[in-house]
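**Q** task: produce atomic coordinates for the following.
(one chain, ligands or ions: 1)
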Amino acid sequence: MHDIASVFAAEFGREPRVFSAPGRVNWIGEHTDYNDGFVLPFAMDRRTRVAAAPREDGRLRVFSHDLGERAAAALDGPLDHRLPHWMEYVLGVARVLAARGHPVCGADLAVRTDVPIGAGLGSSAALEVAVGYALLALAGTSAPRLDLALAAQAAEHEYAGTRCGIMDPYVAALGREGHALLIDCRSLEATAAPAELGGATLVVCNSWVKHDLAASIYNDRRAECERGVTLLARGDERVRALRDVSPAELEARRGELPEVTYRRCRHVVHENARTLAVAAALRVGDVAEVGRHLLASHASLRDDYEVSAPELDLLVEAAMAVPGVHGARLIGRGLGGCTIALVDRAAVPGLTGALAAAFRGRFGRSPEIIETRAAGGVRED
Ligand code: GLA
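**A** Down below sits the predicted model:
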């Protein structure tokens, strides 16, 4: 374990300030955020740490300890397209903040994370939010946390090329220790919800699968939802997003949509309803009800939204065979990455063993099992 401040000192020969932002876990509400819908995430207790000190020359010099890579770029001027992909997040958030009127100065940065990278746990948002917060602090200023989250989202759209929703940066910026957040992605308001359920907890299972086309498939799904909205808005001007369509209304108008568009929309409108139902069930501690909705979410992501993978389906099936597991599903954008399982604390060792055995039996390697606890959002450490 290298402490990121010592890594920074060894790399840049001076003392940094250290900032960090968390990855995220999501109870439920997948592919609903960019449809103006509801999500129910919490900040996980794994963080991306950024050690930082200002520079006078308007440049960012960055050392990624995890990847052993270095990159440097000017805050303004033409973009160098040979920069490593991760630098798009760093430079993107800096440039968006500057374009939005925040004074951002150049900096030396060293980055280290224990959020699994590219595993559907919000690693890119954690990086953007931590870097954005650090750069503002170095410039002797700050921004409202929601503005920071919106700048991180814009960096994904404008620099990284993913038209992602607000969920991940929101929770990286505004996560609350010990709580999940029910976020209304239209109003951008959130209410606190429990992150744990009596004796049961959420366990994350990392399949390690990465799908090369995940970003473009994500953008395609978003475009399909927009197509559905265009068709459903004809004759009903109330419809601005899939948020405005109930499951019953969608059924009544099924014939107006191509089959695939209909199924994408069906996932979203039911997922919104499930998310509200889970928030209510969490508040009254109804474990069985929460578990049922998690499973229904997985089936819908697999069959209607088509963003599962054999590894994720196996992790869900194998979890459900373990006594003490109430529900399981894939999380994040899907196609690879992680699943979660809602499990009685006492059953966690049994679940861990069963998942490792089933996964190794079929795929010849072990998944990573991560126990979670709801942490706070971005901060100076
Ligand atoms: C990714 C995106 C989020 C959200 C999820 C799916 O994590 O960054 O905005 O759309 O996928 O729910």
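**Q** how about the residues of the stretch 251-381 of the chain by the ligand?
**A** Within the stretch 251-381 of the chain, the positions lying close to the ligand (CB under 6 Å from any ligand atom) are 332, 333. From N, CA and C alone the C-beta is placed, and that goes for glycine too.
**Q** skipping its backbone neighbours, what lies nearest the residue in the stretch 251-381 of the chain positioned nearest to the ligand in space?
**A** Nearest residue of the stretch 251-381 of the chain to the ligand (CB to the nearest ligand atom) works out as residue 333 at 3.5 Å. Take residue 333 and drop its neighbours on the chain: the residue closest to it by CB to CB, 6 or more residues apart in numbering is residue 218, 5.0 Å away.
**Q** doesn't that neighbour belong to a helix?
**A** Yes. Counting by DSSP: H, G, I helix; E, B strand; the rest coil, residue 218 is found in a helix.
**Q** mind starting the numbering at 17 from now?
**A** Noted, 17 is the first residue going forward, which turns the last one into residue 234.
**Q** how near is it to residue 346?
**A** 13 Å (CB to CB, to the nearest Å).
**Q** neighbour count: these two, which is higher?
**A** A count of neighbours by other CB atoms under 10 Å puts residue 346 above the other of residue 234 and residue 346, at 29 against 22.
**Q** ok, that one touching residue 317?
**A** Yes. Residue 346 is in contact with residue 317 according to CB atoms under 8 Å; the separation is 5.8 Å.
**Q** now for the two: what residues contact both?
**A** 46, 323, 324 (CB atoms under 8 Å, 6 or more residues apart in numbering).
**Q** which element, helix or strand, includes the first one?
**A** Taking DSSP states H and E as the definition, one finds residue 46 inside no helix or strand.
**Q** does it really touch residue 287, like I thought?
**A** Yes. Counting by CB under 8 Å, residue 287 is a contact partner of residue 46 at 6.2 Å.
**Q** in contact with the residue nearest to residue 135 when sequence neighbours are not counted, which residues?
**A** Distances taken as CB to CB, 6+ apart place residue 353 nearest to residue 135, at 4.6 Å, with adjacent residues excluded. Contacts here follow CB under 8 Å, 6+ apart; on that basis residue 353 touches 134, 135, 136, 137, 222, 223, 225, 226, 328, 346, 347.
**Q** quick check, the last one in contact with residue 138.
**A** When you say that, I think you mean residue 347. No. Between residue 347 and residue 138 there is no contact under CB under 8 Å: 9.7 Å.
**Q** which other residues reach the helix or strand encompassing residue 199?
**A** Element membership for residue 199, per DSSP H and E: strand 195-200. Residues outside strand 195-200 that contact it (CB under 8 Å, 6+ apart): 43, 45, 49, 54-58, 182-183, 186-187, 190-191, 205-211, 291-292, 295, 298, 390.
**Q** right, I'll call it a day here.
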